[in-house]
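**Q** Take a look and give me a structure for this.
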Amino acid sequence: MNPKILIVDDEPHIRLLLEQTLEDLEDEGVELLTATNGEEALETIKAEKPALVFLDVMMPKMNGFDVCNAVKNELDIKDVYIIMLTAKGQEFDKQKGNEVGADMYMTKPFDPDEVVAKASNILEIERA
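**A** Just a heads-up that it's a prediction; the model follows:
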């Protein structure tokens, strides 16, 4: 089964930017999925079991902290790697991300090379 990456952000241009950033990984068999809010993200995670999730924090319906907490602590889905990707870069926000079980915290604006490198590393894809 091919690994899946879920991109969750309510901003269409951020979703598109992340899709463009990660599209080279599709050549390695990775499937890219997207969700536009926290509720949609939670349903997609339950149904598709992505290996990696880039999760925005501030979103309508359900914020990223609540999604992460539901996945890691309530549904007990431990094998999904969650990267909180947000403009909220204060120490309090990073601590809250850690408390709900996020595996990593990245702040916007993000470095596309760093995003691809991190995704490749997590999915154990060797890139030339």
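**Q** and the residue nearest the centre of the chain, helix, strand or coil?
**A** Nearest to the geometric centre of the chain sits Phe54, at 1.4 Å (CA atoms, centre = their mean). Using DSSP: H, G, I helix; E, B strand; the rest coil as the criterion, the local structure at Phe54 reads strand.
**Q** what's the pLDDT at it?
**A** On pLDDT, Phe54 comes in at 98.
**Q** ok, now the one 5 residues further on?
**A** We note a pLDDT of 93 for Met59 in this prediction.
**Q** Over to Glu126?
**A** Per the predicted model, pLDDT is 76 at Glu126.
**Q** what kind of secondary structure is it in?
**A** With three-state DSSP as the criterion, Glu126 reads coil.
**Q** which residues sit in contact with it?
**A** Glu126 sits next to Ser120 when contact means CB atoms under 8 Å, 6 or more residues apart in numbering. Where you see a C-beta, it was placed from the backbone N, CA and C, and this is true even at glycine.
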